[in-house]
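Visitor: Here's my sequence, what's the structure:
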Amino acid sequence: MGVLYLIALSGLFRLVYCYENLCRRPTTVLTQSSTYDKHEADFANDGDVTSIKRFCASTDIKRPKAWLQADLGESFSIKSVKLYFANDDFWILAHNREFYLDVSELPARHSTTKQRTRCYTDTTSAPELPRNIINIPCNHTGRYVIVETNYILPREEGAILEICEIEILGCEVGRFGENCKQCIGCHTCDIVSGECVFTPITKQQNVNEEKNFFLYAVIAVLCISLTMNGFMLTCILRQRTSRIRNATQEIKRCAAHGINNTIYQELRQVGGSPQYDQLQISSPGFMRR
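Guide: Just a heads-up that it's a prediction; the model follows:
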């Protein structure tokens with residue numbers, strides 16, 4: 001019963017766990033500076049939070065720096081990062097002293113710490129040990145989340161990083177809150193409060209959106225103007241066509257009337273008989289001028 005209760009309670013927590021774990025997206029890719037034995041970076045994104053070294057990602061030995069990077073595929077609004085370190089023994093956990101966590105738009109191999117945004121720096125010094133589970137607030141926007149250290153134990157010849165699981169909670173850019181609601185009135189907002197945040201990138205995006213709005217407005221006015229002008233031109237052409245048609249019919253009637261009078265005059269001159277006058281009277285087509 002106790003086990004069932006814990007499973008049900010865990011499922012309840014997952015239901016109210018509203019911020020998305022961005023690591024679980026199929027577009028997220030984990031890499032690390034080096035790999036020790038077969039402890040690939042994907043071990044830190046398999047959903048197993050067991051803090052035992054054989055289930056964890058691990059960098060190789062004798063390296064001056066060690067890092068693990070989560071590439072989210074595009075920029076996201078990040079709320080927090082949760083790290084699960086291996087803690088089999090004292091020395092394994094001691095490797096994680098003085099690690100730091102950064103958010104960046106550039107990958108770890110092509111960026112320096114000055115080009116990143118720092119979320120956390122561990123200040124643990126010997127003989128103290130850092131916690132093996134750390135939940136780090138990290139209210140920033142970025143594509144890459146980088147965990148890095150250059151701390152070298154006295155008994156070691158290089159920096160080592162052993163991470164069993166990393167969870168990055170957040171929303172798509174432009175959304176905030178536990179249900180990832182749409183930001184109001186801006187492209188990017190604080191992921192917790194929803195307050196608009198204007199960075200150089202978002203400022204340029206807002207400028208571009210304003211320019212596009214005015215461009216679309218001008219295009220709309222031109223389209224309406226062209227439509228109205230086309231309608232008026234069509235009406236004018238129809239009127240002119242109707243007038244031409246009426247004038248043509250009038251000319252035809254006048255022409256027919258003129259031909260009939262001409263025939264009557266010729267017959268009268270040739271015959272000289274009043275019977276043609278009667279022919280004119282009896283024939284509707286012949287009209288006396």
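
Visitor: and the spatially most central residue of the chain, backbone torsions?
Guide: Relative to the mean C-alpha position of the chain, the nearest C-alpha, by C-alpha atoms, centre = their mean, is the one of Val173, at 8.5 Å. With angles defined as degrees, to the nearest 10, Val173 sits at phi -60, psi 140.

Visitor: hang on, isn't it packed against Ile78?
Guide: No - the criterion here is C-beta atoms under 8 Å, and Val173 misses it with Ile78 at 10.1 Å. Using the backbone N, CA and C atoms, a C-beta is placed for each residue, glycine as well.

Visitor: Give me the common contacts of those two.
Guide: The contact sets of Val173 and Ile78 overlap at Thr141 (C-beta atoms under 8 Å, 6 or more residues apart in numbering).

Visitor: wait, what's in contact with the residue nearest to the centre of the chain?
Guide: Contacts of Val173 by C-beta under 8 Å, 6+ apart are 75-77, 141, 187-188.

Visitor: With respect to Ala255, which of these is nearest?
Guide: Of all these, Ala255 sits closest to His187, with 74.8 Å by C-beta to C-beta.

Visitor: so the closest one, which of the three states?
Guide: coil (DSSP: H, G, I helix; E, B strand; the rest coil).

Visitor: Neighbours of Ser104, how many?
Guide: 20 (other C-beta atoms under 10 Å).

Visitor: residues near the nearest residue to it once chain neighbours are set aside, how many?
Guide: Excluding the flanking residues, the one nearest Ser104 by C-beta to C-beta, 6 or more residues apart in numbering is Arg116, at 4.0 Å. Per other C-beta under 10 Å, the neighbour tally for Arg116 reads 22.

Visitor: residue boundaries of the strands in the stretch 151-289 of the chain?
Guide: 162-172, 175-176, 181-182 (DSSP state E, counting those that start in this stretch).

Visitor: Now mean neighbour count too, for those strands, in a markdown table please.
Guide: Listed next are these as a markdown table, based on neighbours: other C-beta atoms under 10 Å:
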| stretch | mean neighbour count |
| --- | --- |
| strand 162-172 | 23 |
| strand 175-176 | 21 |
| strand 181-182 | 12 |
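
Visitor: show me the contacts for the nearest residue to Cys171 once chain neighbours are set aside.
Guide: Spatial nearest neighbour of Cys171, excluding adjacent residues (C-beta to C-beta, 6+ apart): Cys180 at 3.9 Å. Residues near Cys180 by C-beta under 8 Å, 6+ apart: 18-20, 171-172.

Visitor: quick one, phi/psi of Cys180?
Guide: Dihedral angles of Cys180 (phi, psi; degrees, to the nearest 10) stand at phi 50, psi 60.

Visitor: Can you report how many residues neighbour Val103?
Guide: Counted with other C-beta under 10 Å, Val103 comes out at 23.

Visitor: okay but it is in contact with Val145, surely?
Guide: Yes - between Val103 and Val145 there is a contact under C-beta under 8 Å: 5.8 Å.

Visitor: between those two, what contacts are shared?
Guide: Shared contacts of Val103 and Val145, counting by C-beta under 8 Å, 6+ apart, come down to 78, 138.

Visitor: about what we covered before: now, which of the contacts of Val173 sits nearest Ile236?
Guide: His187 (47.7 Å).

Visitor: For Cys171, see how far away the closest one is.
Guide: The gap separating His187 from Cys171 is 13 Å, by C-beta to C-beta, to the nearest Å.

Visitor: Now do the top strand by length along the chain against strand 162-172, angle only.
Guide: The longest strand of the chain (DSSP state E) is strand 66-85. For strand 66-85 against strand 162-172, the angle by axes from the mean of the first three to the mean of the last three C-alpha atoms, to 10 degrees is 90 degrees.

Visitor: Each with direction, which strands does strand 66-85 pair with?
Guide: Here strand 66-85 has these sheet partners by DSSP bridges: strand 29-32 (antiparallel), strand 133-149 (antiparallel), strand 162-172 (antiparallel).

Visitor: okay, those in CSV with mean pLDDT and distance to His110 next?
Guide: Compiled in CSV, those are given as follows (pLDDT from 0 to 100; distance: least, C-beta to C-beta, whole Å):
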stretch, mean pLDDT, distance to His110
strand 29-32, 97, 12
strand 133-149, 96, 10
strand 162-172, 96, 20
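
Visitor: quick one, which of those is nearest to Ile236?
Guide: With C-beta to C-beta as the yardstick, what comes closest out of these is strand 162-172 (53.8 Å).
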